[in-house]
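> all I have is the shape, not the residue letters:
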Ligand SMILES: Cc1cc2nc3c(=O)[nH]c(=O)nc-3n(C[C@H](O)[C@H](O)[C@H](O)COP(=O)(O)O)c2cc1C
């Protein structure tokens with residue numbers, strides 16, 4: 001597949017993966033992207049997941065058409081991209097591996113039996129490498145989302161090889177909206193690292209970029225401002241859309257009922273979006289994604305052994321560890337003798353920045369009663385203000 005006259009796509013689609021990175025549902029599969037730049041010095045950009053060695057090497061062989069590659073650039077050592085470095089070197093033993101010092105350190109640990117000898121080109125941040133017509137400049141992007149990550153700018157055709165940046169869930173043979181699955185990917189996998197992403201965006205702003213070639217998801221060729229704007233919003237933890245997320249955990253249905261009553265009240269009051277999640281049954285990554293997308297969140301949980309219910313605890317941990325901030329949160333708690341869920345949930349956000357707590361909350365003693373309906377009404381009023 002052509003990206004330009006001299007840059008080719010040689011990645012693969014994965015429809016077998018059950019959970020990406022061990023936890024993310026990927027109903028439309030996953031793509032592991034890799035590229036070949038044809039020039040005097042033919043260069044392969046990254047490898048693919050371990051399950052696709054033959055397909056990937058076959059894709060490369062077709063593009064090379066008997067020629068030999070000079071360089072393999074390794075931008076990121078995570079195995080979904082780097083698993084085939086040794087296999088590639090066995091197939092093309094005269095290639096030089098191009099990477100930074102941290103990457104070479106990790107490579108030794110992943111491939112203890114691989115001897116590169118002098119076929120190593122260690123690059124520094126900002127260093128350039130001429131391939132003939134094309135010139136690659138390596139821009140380090142530490143903690144987006146591993147420490148060794150670098151992105152690569154090709155200045156002749158104005159292509160940014162963006163590593164995991166601008167990636168998304170979903171294989172490339174399935175048509176789907178970019179924003180949703182890119183957001184779920186970003187918030188889930190990179191969400192914690194907003195500050196390093198902001199640093200990278202500032203570096204990228206100085207470059208004239210016409211094409212973005214990420215390691216997952218489609219190659220981006222049009223309307224690049226849209227994708228960059230999304231990344232700016234997500235990495236600065238700004239509210240992307242107006243709306244309320246209600247995430248609940250309920251065993252016997254009473255807390256669930258309160259959550260549903262609140263959702264109905266919000267909709268009746270014209271709230272632009274209400275997103276309701278049963279944390280025990282939903283894809284939690286979607287609940288996390290929406291919590292970062294919208295500005296307001298209601299957490300509803302029964303009290304369980306003096307704590308919040310386990311799925312609620314996990315959910316709040318998922319938010320806090322991704323630097324959840326700049327949002328309004330309300331609480332619905334339930335208990336049959338000493339409701340505590342609200343108190344323990346609040347404590348978990350102690351170190352979170354710029355959280356506004358709703359003044360109106362709802363405490364249920366077992367079943368939803370009139371006084372609770374009034375509390376929910378007051379919550380809906382305040383959330384719609
Ligand atoms: C295993 C277990 C532990 C519980 N621990 C507490 C508790 O520590 N304090 C309390 O007030 N209620 C506790 N409860 C009671 C529930 O919080 C209460 O029945 C609540 O109304 C259930 O809400 P639900 O209908 O949404 O599941 C516990 C219930 C279960 C099943």
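Cool, the structure landed. Predicted model only: the values in this text are computed from it and were never measured.
> doesn't residue 259 belong to a strand?
No. Per DSSP: H, G, I helix; E, B strand; the rest coil, residue 259 lies outside any strand segment and is helix.
> show me what residue of this structure gets nearest to the ligand.
residue 335 (2.6 Å; C-beta to the nearest ligand atom). C-beta coordinates here come from the backbone N, C-alpha and C atoms, glycine included.
> wait, that residue touches residue 301, no?
No. With contact defined as C-beta atoms under 8 Å, residue 335 does not reach residue 301; the gap is 9.6 Å.
> just checking, what's the longest strand in this protein?
strand 294-304 (DSSP state E).
> quick one: mean pLDDT for that one?
What strand 294-304 shows for mean pLDDT is 98.
> buried sites along that strand?
Within strand 294-304, the residues scored as buried using 16 or more other C-beta atoms under 10 Å are 294, 295, 296, 297, 298, 299, 300, 301, 302, 303, 304.
> quick check: the farthest pair among those residues?
Taking C-beta to C-beta, the two most distant members of these are 295 and 304; they sit 28.3 Å apart.
> okay if I get the buried residues of strand 294-304 as TSV plus distance to the ligand?
TSV is the format used below for the buried residues of strand 294-304 (distance: C-beta to the nearest ligand atom, whole Å):
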residue	distance to the ligand
294	23
295	26
296	22
297	18
298	14
299	13
300	8
301	8
302	3
303	4
304	5
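> sorry, back to before: please compute how far the following helix or strand past the longest strand of the chain lies from its chain's middle.
As assigned by DSSP states H and E, the chain's next helix or strand after strand 294-304 is strand 307-308. Chain-centre distance of strand 307-308: 28 Å, with C-alpha atoms, centre = their mean, to the nearest Å.
> report how many residues lie close to residue 200.
If you count neighbours by other C-beta atoms under 10 Å, residue 200 ends up with 25.
> and it, what element?
With DSSP H and E as the criterion, the answer for residue 200 is helix 194-205.
> helices along the chain, start to end?
53-64, 79-82, 85-91, 101-110, 178-185, 194-205, 224-235, 254-268, 284-293, 310-321, 341-348, 370-384 (DSSP state H).
> please convert these to TSV, extending it with distance to residue 162.
Output for those, formatted as TSV (distance: least, C-beta to C-beta, whole Å):
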stretch	distance to residue 162
helix 53-64	19
helix 79-82	12
helix 85-91	20
helix 101-110	16
helix 178-185	12
helix 194-205	8
helix 224-235	10
helix 254-268	38
helix 284-293	20
helix 310-321	24
helix 341-348	33
helix 370-384	37
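> for residue 22, find the nearest of the ones you listed.
By C-beta to C-beta (comparing all of those), the closest turns out to be helix 79-82, at 11.0 Å.
> the closest one packs against which elements?
Applying 3 or more C-beta pairs under 8 Å, 6 or more residues apart in numbering; DSSP states H and E, one finds that helix 79-82 contacts strand 30-32, helix 101-110.
> got the buried residues for it?
Judged by neighbour count (16+ other C-beta under 10 Å), helix 79-82 contains these buried residues: 80, 81, 82.
> do stretch 6-15 as well
So, applying 16+ other C-beta under 10 Å, buried residues of stretch 6-15: 6, 7, 8, 9, 10, 11, 12, 13, 14.
> can you give me every residue that contacts the first one?
Under the criterion of C-beta atoms under 8 Å, 6 or more residues apart in numbering, the contact list for residue 6 reads 37, 38, 39, 133, 134, 157.
> can you give me the pLDDT of it?
98.
> what of the one 5 residues further on?
You'll see residue 11 listed with a pLDDT of 98.
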